[in-house]
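Colleague: Just to be clear, the model below is a prediction. Sequence and coordinates:
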Amino acid sequence: MTLNIVKKLMVAGLLLTLAACATQNELGQDASSILGADAKPGTIAEFTHIVGDTVLFETNQTSMNDAGKALLDRQYAWLVQYGVSEIKIDGHADERGTRQYNIALGAKRASSVKKYFVSLGYSGTIKTLSFGKERPVSLCDNISCWSQNRRAVTVVVTK
């Protein structure tokens, strides 16, 4: 129990440290805009916080529900509107299951999103990567955390 609290405090400290830094990312936004302070049109902050960059999946599933497809439709429209030429899809799984199973599951989720973008007509480069259960966004041992960790995240690489 205390190990989970320590993990949560460490993650919170890391996020506060990142928020305090005024470094720039690859596309030129500063850390405050990435954290949602200023989601101007065409920025990565707008894509992440307004459009949404994360599709969630059900347990052991690689197909998207209607909400996931609607989110990808919004992402596609934004990517085309702002001329994004390269994206990366990061696939993730929750902590249950073996490392090998979750790497494969994350890869299938990323591939599912990639196929959906291709079916919409996205002509840019799409790379996929699976992190399996190695990079959870929520740390606890129950369904509320597991459901947040079963995801595919669209990352804008170049505009």
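Modeller: Noted; the coordinates are in hand. Residues are numbered from 1 along each chain as shown.
Colleague: pLDDT score for Val51?
Modeller: For Val51, the pLDDT comes out at 96.
Colleague: Assess the claim that it and Trp78 are in contact.
Modeller: Yes: using CB atoms under 8 Å, Val51 is in contact with Trp78, at 4.9 Å. Where you see a C-beta, it was placed from the backbone N, CA and C, and this is true even at glycine.
Colleague: Skipping adjacent residues, who's closest to Leu105 in space?
Modeller: Counting by CB to CB, 6 or more residues apart in numbering, Leu105 lies nearest to Ala93, which is 4.6 Å off, once chain neighbours are set aside.
Colleague: Next, work out how far apart that neighbour and Leu71 are.
Modeller: Look at Ala93 and Leu71: by CB to CB, to the nearest Å, they are 19 Å apart.
Colleague: Which one's more surrounded, these two?
Modeller: Legend: neighbour count by other CB atoms under 10 Å for Ala93 and Leu71, higher for Ala93 (29 against 20).
Colleague: What pLDDT is listed against the more buried one?
Modeller: So Ala93 comes in at 93 (pLDDT).
Colleague: and the lengthiest helix in the chain, how far from the chain's centre?
Modeller: Counting by DSSP state H, the longest helix found in the chain is helix 99-120. How far helix 99-120 lies from its chain's middle: 12 Å, per CA atoms, centre = their mean, to the nearest Å.
Colleague: buried residues in that helix?
Modeller: For helix 99-120, the neighbour count (16 or more other CB atoms under 10 Å) marks 102-114, 116-117 as buried.
Colleague: How about the contacts made by Trp146?
Modeller: For Trp146, the contact set (CB atoms under 8 Å, 6 or more residues apart in numbering) comprises 59, 94-96.
Colleague: at 6 Å what do you get?
Modeller: Contact analysis of Trp146 by CB atoms under 6 Å, 6 or more residues apart in numbering lists Asp94.
Colleague: swap in Ala93?
Modeller: Listed by CB under 6 Å, 6+ apart, the contact partners of Ala93 are 102, 105-106, 132-133.
Colleague: mind redoing it with 10 Å?
Modeller: By CB atoms under 10 Å, 6 or more residues apart in numbering, Ala93 lies in contact with 57, 59-60, 99, 101-109, 130-134, 136, 146, 149-151.
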